[in-house]
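>>> Provide a 3D model corresponding to the input given below.
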Amino acid sequence: PATAPLLKMMRGPDGQPAVAENAWISYLTGHHEGMANGEGTGKLTAGYGARGSKPTQEGGKIGPEFTFGLTMDTAFEEPVLLIKTAWGGRSLNTQFRPPSAGPYEFSEAQIEQMKKRGKDIDAEKAAKAKESGRFYRFMVDHVKSVLADPKRVCPTYDPADGYEISGFVWFQGFNDLVDGGTYP
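This next block holds a predicted model:
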């Protein structure tokens, strides 16, 4: 009973997933198992959760963007544009590391493990430096790209009205949770 109103919001009159009246989404994902990044765009509905082998095709899943976007669509008369980026299996400490966090630093325990395995420490540091922040940069570039031409994604956008960035949501989970060397 407590979540019945939420479920009602998520379903259209025909029982199918609701489609937002004035909320739009640009979703960038990809880069796993050799898949290139791809963008899915459209009115917000189900299918912008995790996607399969083609990032541009509806994936049959929902993520937090679905109910968040439906709620924002109800709350505002103005168009709502969600800009989502998501890649599974990435770490805030490395792949999403923002430049303000500084370079990745291996712990003494990590260096000892590399030595035990006969790894080239300088090569490992160089590889980690290259990997660090890569998906953060993908995310920032995508946001800049969408905001350079919001009407491409949100046809109801009026350049005379401009836009306001009203929030940033970050969900991070498993990879950082299990990284005992970083988060003991």
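>>> Skip ahead from the biggest helix by length in the chain and say which helix or strand is next.
Determined from DSSP state H, the single longest helix within the chain is helix 134-148. Next along the chain after helix 134-148, taking DSSP states H and E as the criterion, comes helix 174-177.
>>> Would you pull up how far that next one lies from the middle of the chain?
15 Å (Cα atoms, centre = their mean, to the nearest Å).
>>> and it, what does it pack onto?
Packed against helix 174-177, as judged by 3 or more Cβ pairs under 8 Å, 6 or more residues apart in numbering; DSSP states H and E, are no other helices or strands. All C-beta atoms are positioned from the backbone trio N, CA, C, and that covers glycine.
>>> ok so, going back, show me what the longest helix of the chain is in contact with.
For helix 134-148, contacts defined as Cβ atoms under 8 Å, 6 or more residues apart in numbering pick out 26, 28, 31, 37, 39, 81, 83, 85, 87, 90, 95-99, 152-153, 163.
>>> All the helices of the chain, in order from the start?
Using DSSP H, helices in the chain cover 4-10, 64-75, 108-116, 121-131, 134-148, 174-177.
>>> can you tell me which of these comes nearest to residue 51?
helix 64-75 (12.3 Å; Cβ to Cβ).
>>> hmm, who's touching that closest one?
Outside helix 64-75, the residues touching it (Cβ under 8 Å, 6+ apart) are 6, 9-10, 17-18, 20-23, 25, 27, 44-46, 48-49, 80, 82, 84, 169, 171.
>>> how far away is residue 108 from residue 115?
10 Å (Cβ to Cβ, to the nearest Å).
>>> ok, now residue 169?
For residue 169, the distance to residue 115 equals 40 Å [Cβ to Cβ].
>>> Please apply the same query to residue 25.
47 Å.
>>> So between the two, which is more surrounded?
residue 25 (25 against 10; other Cβ atoms under 10 Å).
>>> can I get the helices of the chain in CSV with mean pLDDT?
What follows is the helices of the chain, written out as CSV (pLDDT from 0 to 100):
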stretch, mean pLDDT
helix 4-10, 93
helix 64-75, 95
helix 108-116, 92
helix 121-131, 92
helix 134-148, 95
helix 174-177, 76
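>>> Ok, which of these comes nearest residue 53?
helix 134-148 (18.4 Å).
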